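> I would like the atomic coordinates for the input below:
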Amino acid sequence: MIATLASVGLPNLALSKESDPSADEILRLVRMSYAMQDYKLSGNLRDDESGRTQPFELTMAAQVIRFRFSDPAEIVNVDLSSEPPTLTQIKSGSKSKMPPSALSEPLRGMSMSYEDLSLGFLDWPNPKLVGHDTIKLGAKCWVIQVNNPAPTGAYGTVKIWVHQASGGMAKMEAYDRTSGKLVKEFLVRGVQKAGDVTVLEEMRIKTFDAISGEKQALTIMTMDKPEKKQSL
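Below you'll find the predicted structure:
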């Protein structure tokens, strides 16, 4: 999702319109901001309660985002050239497309899921611009709401805070399809410059109980300085 969403580089795209773009245009800008990147980054996932860490490598090229983990070895590819993006997994030398039933599984035991990496919500139909907000770091954002058209997946509704200056996702909230309550929040807490591009430095992923609304877990994603022009 944003998940996946906030771990990639965001180009500084200028918008010429004086009035708000449509929700479709805004999400098209988000897709572009991810698909046009060509970077290699190293990062780390840390569970806030246990302190357990999970390093990973992330590469972006040719409209493919690749997450590479070790111990045990696993590669997850997000192909942005398809609509919706295609998620494939490589484990024990075998490559397979991830079935919908596996998307809600935790990623490496953290509070992220494979569904969060898929960016599939960017292609959900009939997005709506529901407001404007200024969040941490003074980022002016459009707030877009999308509803899941399929009977599969853990989320029924997703709200996306899109940074107006860059076209990148600054925050995302996902709501349970049954209870309608908040179950996941992604929040960018820090960014860093790499040439003319702004990339993620820190993102926090919180999960909440779908019934009580209480926080269940917090995963902190941090990224090192990127290396440019890397091929897959």
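
> what about the longest helix in this protein?
helix 23-35 (DSSP state H).

> packing partners of that helix?
If you count contacts as 3 or more CB pairs under 8 Å, 6 or more residues apart in numbering; DSSP states H and E, helix 23-35 packs onto strand 10-11, strand 128-135, strand 139-147, strand 155-163. From N, CA and C alone the C-beta is placed, and that goes for glycine too.

> present those strands as JSON lines; the columns should include distance to Lys95 and mean neighbour count.
Output for the helices and strands packed on helix 23-35, formatted as JSON lines (distance: least, CB to CB, whole Å; neighbours: other CB atoms under 10 Å):
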{"stretch": "strand 10-11", "distance to Lys95": "28", "mean neighbour count": "20"}
{"stretch": "strand 128-135", "distance to Lys95": "37", "mean neighbour count": "14"}
{"stretch": "strand 139-147", "distance to Lys95": "29", "mean neighbour count": "19"}
{"stretch": "strand 155-163", "distance to Lys95": "26", "mean neighbour count": "22"}
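
> now render those as TSV, adding mean pLDDT and distance to Leu41.
Below are these laid out as TSV (pLDDT from 0 to 100; distance: least, CB to CB, whole Å):
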stretch	mean pLDDT	distance to Leu41
strand 10-11	41	12
strand 128-135	94	23
strand 139-147	93	21
strand 155-163	93	19
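
> okay if I get these as a markdown table plus distance to Ile26?
Listed next are the helices and strands packed on helix 23-35 as a markdown table, based on distance: least, CB to CB, whole Å:
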| stretch | distance to Ile26 |
| --- | --- |
| strand 10-11 | 14 |
| strand 128-135 | 7 |
| strand 139-147 | 5 |
| strand 155-163 | 5 |
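
> indicate which one of those is closest to Asp47.
strand 155-163 (21.6 Å; CB to CB).

> report the distance from that closest one to the chain centre.
10 Å (CA atoms, centre = their mean, to the nearest Å).

> who are the packing partners of whatever helix or strand comes next after that strand?
Using DSSP states H and E, the helix or strand that follows strand 155-163 in sequence is strand 169-176. When contacts are defined as 3+ CB pairs under 8 Å, 6+ apart, strand 169-176 packs onto helix 2-6, strand 139-147, strand 155-163, strand 182-194.

> so where's the chain shaky on pLDDT?
1-18, 35-37, 137-138, 194-197, 226-232 (pLDDT under 70).

> follow-up on the earlier one: which stretch among the helices and strands packed on helix 23-35 comes nearest Ile90?
strand 155-163 (25.4 Å).

> ok, residues contacting that closest one?
Strand 155-163 is touched from outside by 1-2, 10, 26-27, 29-30, 115, 121, 124, 130, 133, 135, 139-148, 168-178, 180, 183-184, with contacts defined as CB atoms under 8 Å, 6 or more residues apart in numbering.

> again, but for stretch 42-56
7, 57-58, 67-70, 108-112, 217-224.

> which members of the residues you listed occur in strands, if any?
Glu57, Leu58, Phe67, Arg68, Phe69, Ala217, Leu218, Thr219, Ile220, Met221, Thr222, Met223 (DSSP state E).

> how much space between Met221 and Val30?
18 Å (CB to CB, to the nearest Å).

> circling back to that earlier point, so which of the helices and strands packed on helix 23-35 is nearest Ser96?
Comparing those by CB to CB, strand 155-163 comes nearest, at 23.1 Å.
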